[in-house]
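Undergrad: Starting from these lines, generate the structure:
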Amino acid sequence: MPAAPPRPELDDGEPTCLDVLSVAASAGSGAPSTASVGVATTPLQLRDAACQARERADAACEASASAAPAAAAAAGVQRQSGGGVATAAAGDPQLAAFLARVGPAMLDALELAPPALLQRWGGSGAGGGWGGEEPAAALLHTLQAFPEAAAAASARAGKHGASGRATSAPKPLVVTALTWNSTGNTLAAAFGRHAIAGWCSEPGALASWNLARGAAGAAAPDRLLRTDCCLTAAAFHPTEPALLAGGSFNGELLLWDLGRERELDAQAAKSDALGEARHREPVTALAWHFSPAEARRAGSSGGRGHLLLSLGADGRLLVWRAAGGKLDAPIRGFELRCPQPSLHSAATLPAGGTCLAIAGGSSRAPGGPLQLPAAGSGAAGAAFVGTEGGALLRCHLGDPGEDAAAGPQQRTTAAASASAASSGGGEGHLELRNPVKEAGYERAAGAVTGVAASPFLAQAVLASGADGCLRLFHALGRQPVLRVHAPGGAARGVEWSPSAPLVFVACGSDGAVRLYELGAAAGAGPRAPSGGGLLAPAATLQAGSAAAAGRAACAFNRAAPPLLATASGGEVRVWRLPGALAAEGAGADAAQRLARLVQLA
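TA: Down below sits the predicted model:
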């Protein structure tokens, strides 16, 4: 056995390199063997995963329009410093326990609610409901067509008050009608007098202001057009902003084109003052009515499809074709004949007209299509007319342009022949039909001074009377569903808001304009008590100068619903109404509440 190799000696000196080959050789068993070895893993598997919800649901809870405030007011719930609830329902232990349990949570929720929501559901009235005091209407413009005459009248009034003697100076003209054009930029006022006996020989005027030019020059009118006699009515065309119609105390109709620069050329047409087919008494109301037959005849659905309706104190309702700036002769005529309470026979007498409203005609909600009433609603093709004797008449006009489009050979001429024979014949005779279909509505104790059909519900008709009572009718009901006794004496006019279905305005003889909100009456049930008359005005505006307070007039701006024009004496004012009286947010809900209020039993 070979001897083992000597072991190397290790010391702390410098390291030495070992000769591996010599060691391997010394092992002595031939060449070394080699082998290759590899290691690998399986492929890595990567995976992406995501999760999302395919369905989503939102839930909310709020109190109804009238239940929450009514319950809180009835129970006398109040917030106390200790966070408890005090209740006046001591006679009902169960109710007291219920209010003590849910009252704090309800009050906490109301405190967290946005102010706009509380203002919307706060109910009606001058206080503004839950949201605190209602913001007052803002006066934007004060307009005077005759500032010198107004100053002189004020000076004479002061001098008369100091000396105690009356002066014989003529009184200045007063505003008799207000109207906005279709764009909402121009406001026009008709000037005349109210107390005139016999034929009018005093001049009148028409003034217009373009408020889009700013408030700097708004006090003086842009156009001041003089007329031969006092004006009693005015109405802008619903689609042509510069076309304006007016009616005079002597029964004449005038047509102006305010787009013409020269004042002498502004008068486009004037009716024949001596013609047979005319008004023999003052024109009391004007309205534009769209006629499909007239639109087909003119080959257009625009402004040429509108006809002008004029109502007179002689009981005549005449239809005029004003397209092209002409007022040649009326194309159709009606005469209001209704039974008189003092007559025991079935004979009818002409009734002098005082005011006119077309159901679903010239009114539409801003931004929405014109909603024509249904055929069986009692308001399709209907016009509501107030009379001097206190009667409210529902008249059926149909399409006033049908006879004109059919041609004279297709008309019935029996009545016209009889009229011509009784009056001596001659040209210009017009067949006057009786359009009255209903004359049994509750009468006013005095003249009907204003009538308005709701633009949201054609069956809802408002009428104001010289007796100071405002009556809300259903078109098919003879008794009013609501009576409101307006303060300040006789009511002189009424008009629905074009944007808020439950809001209307009434003009008074004391120079004030009062806005009413029917929310409380509509929340009382579908048949609100008709005899109470306890609805208080939501806002009261001074229509004109307090020194010259008189019969008030008003007009809503249908292109800009928050704007309301008022007038009293010779002064015109433009107001911006608060949001609660002009907002369109609750239009659908408010329209349904109005429908429930006026529905028949």
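
Undergrad: State the paired neighbours of the helix or strand hosting C355 in the sheet, together with their directions.
TA: Assigned by DSSP states H and E, C355 belongs to strand 353-358. Taking DSSP bridges as the criterion, strand 353-358 sits next to strand 382-387 (antiparallel) in its sheet.

Undergrad: Quickly note the distance from T34 to A205.
TA: Here the criterion is Cβ to Cβ, to the nearest Å. By it, T34 lies 125 Å from A205. In short, each C-beta sits where N, CA and C put it, glycine included.

Undergrad: Actually, G468.
TA: Look at G468 and A205: by Cβ to Cβ, they are 31 Å apart.

Undergrad: okay, these two: which has more neighbours?
TA: Between G468 and A205, G468 has the larger neighbour count (other Cβ atoms under 10 Å), namely 22 against 18.

Undergrad: sorry, back to before: so which residues make contact with the strand holding C355?
TA: The contact list for strand 353-358 (Cβ atoms under 8 Å, 6 or more residues apart in numbering) reads 284-287, 289, 309, 311-313, 315-317, 336, 382-388, 447-453, 461, 493.

Undergrad: And it, what's buried?
TA: G353, T354, C355, L356, A357, I358 (16 or more other Cβ atoms under 10 Å).

Undergrad: and the two most separated of these?
TA: Maximum pairwise distance among the buried residues of strand 353-358 (Cβ to Cβ): 15.6 Å, between T354 and I358.

Undergrad: Return the helix or strand in this protein with minimum mean pLDDT.
TA: helix 414-423 (a mean of 39; mean pLDDT, DSSP states H and E).

Undergrad: Just put the buried residues of strand 353-358 in TSV and tack on distance to L518 and pLDDT.
TA: Output for the buried residues of strand 353-358, formatted as TSV (distance: Cβ to Cβ, whole Å; pLDDT from 0 to 100):
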residue	distance to L518	pLDDT
G353	27	93
T354	24	94
C355	21	95
L356	23	94
A357	18	94
I358	22	92
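
Undergrad: so which of those residues comes closest to D265?
TA: Nearest to D265 among the buried residues of strand 353-358, counting by Cβ to Cβ, is L356 at 29.9 Å.

Undergrad: From S545, how far out is the closest one?
TA: Relative to S545, L356 is positioned 29 Å away (criterion: Cβ to Cβ).

Undergrad: And G570, by the same measure?
TA: Distance of G570 to S545, given as Cβ to Cβ: 8 Å.

Undergrad: Same question for V598.
TA: For V598, the distance to S545 equals 37 Å [Cβ to Cβ].

Undergrad: Of the two, which one has the most company?
TA: For V598 versus S545, neighbours defined as other Cβ under 10 Å are more numerous around V598 (25 against 19).

Undergrad: Contact partners for the more buried one?
TA: Residues near V598 by Cβ under 8 Å, 6+ apart: L457, Q459, A460, L472, F473, H474, G477, V481.

Undergrad: quick one: which of the residues you listed sit in strands?
TA: Counted as lying in strands by DSSP state E, out of these, are A460, L472, F473, H474.

Undergrad: What segments of the stretch 151-300 of the chain are helices?
TA: All helices of the stretch 151-300 of the chain, identified by DSSP state H, counting those that start in this stretch, fall at 292-298.

Undergrad: Make sure A359 is actually in contact with L476.
TA: No: A359 lies out of contact with L476 (Cβ atoms under 8 Å); the separation is 11.9 Å.

Undergrad: and those two? which has more neighbours close in?
TA: Counted by other Cβ under 10 Å, A359 and L476 do not tie: A359 has more neighbours, with 26 against 14.

Undergrad: measure that one to A491 for me?
TA: Counting by Cβ to Cβ, the gap from A359 to A491 is 21 Å.

Undergrad: can you pull the contacts of P221?
TA: Contacts of P221 (Cβ under 8 Å, 6+ apart): L143, A145, A207, S208, W209.

Undergrad: Now render the residues you listed as TSV, adding distance to A552, pLDDT and neighbour count.
TA: Output for the contacts of P221, formatted as TSV (distance: Cβ to Cβ, whole Å; pLDDT from 0 to 100; neighbours: other Cβ atoms under 10 Å):
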residue	distance to A552	pLDDT	neighbour count
L143	15	92	23
A145	17	88	24
A207	17	94	23
S208	20	94	23
W209	18	94	24
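
Undergrad: Strands - which of these land there?
TA: L143, A207, S208, W209.

Undergrad: out of the residues you listed, what pair is the most spread apart?
TA: The most widely separated members of the ones in strands among the contacts of P221, counting by Cβ to Cβ, are L143 and S208 (10.1 Å).

Undergrad: Spell out which residues are contacts of both of the two.
TA: L187, A189, P221.

Undergrad: Reformat those as TSV; add distance to V102 and pLDDT.
TA: Converted to TSV, the shared contacts of L143 and S208 look like this (distance: Cβ to Cβ, whole Å; pLDDT from 0 to 100):
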residue	distance to V102	pLDDT
L187	52	95
A189	55	96
P221	60	90
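
Undergrad: Among the residues you listed, which one sits closest to A277?
TA: The closest of those, once distances to A277 are taken by Cβ to Cβ, is A189, at 28.9 Å.
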